[in-house]
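Q: the following comprises the amino acid sequence and a computationally predicted model.
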Amino acid sequence: MDKTSRIKGFYKLQRGERIDSLINFSDLPVDQTQVLTHDGSLPFETADLFVENAIGSHPLPLGVATSYQINGRDYLIPMAVEESSVIAASSNAAKIIYESGGFQAEILSNLMIGQIQLLDLPVEEFAAAKDRIERHKAQLLQVANEIHPRLIMRGGGARDLEVRIFPDTEIPFMVVHVLLDPKDAMGANLINTVCEGLAPMIEELTGARIGLRILSNLADRRMVRARCLVKKEKLAFKDPSFEWKPEEITQKIYEAFLFADTDPYRAATHNKGIMNGVDPVVIATGNDWRAVEAGAHAYAARTGRYRSLSKWSLDKEHNLVGELELPMQLGTVGGVTRLHPSARVALQILGNPNAQELAKIICCSGLASNLAAMRALCTTGIQRGHMKLHAKNLALGAGAKGKEVETIAKEMLRTKSISASKAEVLIEELRRTSTEKKDHDVSSTSPC
Ligand code: MEV
């Protein structure tokens, strides 16, 4: 895929033209596009296979964010999301970053953590139990690796064990961490089976009672990092009433970052803005967004204070330098990713990445959404863009069709009266005037 993701005016294209662009860009087989045009793309038999008590499926809008370039390669990024402004904002920020040189992204580590809890040991015996586990590490890892021979064939497997002690809690306990490389699987089943498989041996070695055996979603050994340099002049823009100067915007964005990094109340919203870019891609590719969400927020609190997940700074020329590090537990093999028809299409649009490449893409998407939110918040405010889309949604909700949507939304924005009831009144007026006009046209051209 050496084609450009900078597709100008993608949003102005008709649906068919957008899908044609995808076919051109990502060599998406034409028969797969039927999944996209088949709205509510999950067949009941598949839904019934995924969950108990299925009664249907719950579609979300699926769009693509344009203008991404990551490590020199262009991507169109599929996003499944209900919030109107997310895809537009993502594409907008990605374009600014594209024109500044694109994203750089890397995997920092690829190990899932599994936890085995050990109870009922006297605190004085913790050190000896820890020592015994550490002396038997090689044997324990070998047993762990015999549980998943196919994972070993794929180059993954259990890599290490770590022992942690909690002697000062109401009921003192120890925890063994199993570190396992799941390659392209999300890894939850792999690591949970290993924890359950190792537990009896650890019980025998230590004499402890085994408690829980489960993965940790604070996947801080499965980390990805995205970086970008944003040229200050690419951020400048003209408002109807004001010209936002490059250095002024970069300074304000930096101040916005400091706010989020200092105050947890702001950090939660700032990080939600990052997850606006993360979750929709996680969902579109059939991955477990609750796991990714849990990991991200736990990681944001790793210092004991909940902070910004992203870091922003200014270089000597007052350009912005952005960085986002996230725990990223994703799979591109097995599970829903391959069974869900539109998740398969989403992966195809991305060029069928492996889990690590997908993690990089998602991290960049998070950083772009963060930039878009901060730029809007520290200049015109978020509501203007939101209200435009909100007005369109209200018009649609009130029953507007085709061009009526734009006309009614514009009128609501012009009169600063944006509500469902106003949209209904405007539709009625619009339709009445167009009927009257038609009647007039017919009567004036009538031969009678
Ligand atoms: C809205 O979905 C996300 C924002 O609130 C994020 C932020 O405040 O940074 C705009």
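A: Cool, the structure landed.

Q: when you work out contacts or count neighbours from here on, use the C-alpha atoms and nothing else.
A: Will do.

Q: quick one: residue 350 from residue 282, how far?
A: Residue 350 sits 12 Å away from residue 282, going by C-alpha to C-alpha, to the nearest Å.

Q: my guess is residue 278 contacts residue 363. True?
A: Yes - if you go by C-alpha atoms under 8 Å, residue 278 and residue 363 touch, sitting 6.7 Å apart.

Q: who has more neighbours, these two?
A: residue 363 (30 against 27; other C-alpha atoms under 10 Å).

Q: what sits against the more buried one?
A: 105, 224, 225, 226, 278, 324, 325, 326 (C-alpha atoms under 8 Å, 6 or more residues apart in numbering).

Q: swap in residue 329?
A: By C-alpha under 8 Å, 6+ apart, residue 329 lies in contact with 112, 186, 187, 217, 219, 222, 291, 292, 359.

Q: narrow these to those in strands?
A: In strands, judged by DSSP state E, the following of these are found: residue 112.

Q: most neighbours among the contacts of residue 329, please name it.
A: residue 112 (31 neighbours).

Q: got a pLDDT number for that one?
A: Confidence at residue 112, expressed as pLDDT, is 98.

Q: which strand residues bridge the nearest residue to it once chain neighbours are set aside?
A: Spatial nearest neighbour of residue 112, excluding adjacent residues (C-alpha to C-alpha, 6 or more residues apart in numbering): residue 180 at 5.2 Å. Taking DSSP bridges, one obtains residue 112, residue 158 as the residues bridged to residue 180.

Q: near the ligand, which residues of the chain show up?
A: 269, 270, 272, 273, 373, 374 (C-alpha under 6 Å from any ligand atom).

Q: chain center to the lengthiest helix in the chain: distance?
A: Once the chain is assigned using DSSP state H, the helix that runs over the most residues is helix 420-445. When distances are taken as C-alpha atoms, centre = their mean, to the nearest Å, helix 420-445 is centred 43 Å away from the chain's centroid.

Q: again, but for stretch 326-346
A: Distance, centroid of stretch 326-346 to centroid of chain: 12 Å (C-alpha atoms, centre = their mean).

Q: which phi and psi does whatever residue of the stretch 301-448 of the chain ends up closest to the ligand have?
A: Here the residue of the stretch 301-448 of the chain nearest the ligand is residue 373; by C-alpha to the nearest ligand atom that distance is 4.8 Å. Torsion angles at residue 373 (phi, psi; degrees, to the nearest 10) stand at phi -70, psi -50.

Q: quick check: closest non-adjacent residue to it.
A: Closest to residue 373 by C-alpha to C-alpha, 6+ apart is residue 273, at 6.6 Å.

Q: in CSV, list the C-alpha atoms belonging to whatever helix or strand that neighbour lives in.
A: Here residue 273 sits within helix 264-284, counting by DSSP states H and E. C-alpha atoms of helix 264-284 as CSV (Å, rounded to 0.1, in the frame of the first residue of the first chain):
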residue,chain,number,x,y,z
PRO,A,264,-6.9,14.6,37.9
TYR,A,265,-10.3,16.2,37.2
ARG,A,266,-9.0,17.6,34.0
ALA,A,267,-6.8,14.5,33.3
ALA,A,268,-9.9,12.2,33.2
THR,A,269,-11.5,14.4,30.4
HIS,A,270,-8.2,14.8,28.6
ASN,A,271,-7.6,11.1,28.7
LYS,A,272,-11.2,10.5,27.5
GLY,A,273,-10.3,12.6,24.5
ILE,A,274,-7.3,10.2,23.9
MET,A,275,-9.6,7.2,24.2
ASN,A,276,-11.9,8.9,21.6
GLY,A,277,-9.2,7.9,19.1
VAL,A,278,-8.3,4.6,20.7
ASP,A,279,-11.7,2.8,21.4
PRO,A,280,-13.3,3.3,18.0
VAL,A,281,-10.4,1.5,16.3
VAL,A,282,-10.3,-1.2,19.0
ILE,A,283,-14.0,-1.7,18.5
ALA,A,284,-13.9,-1.6,14.7
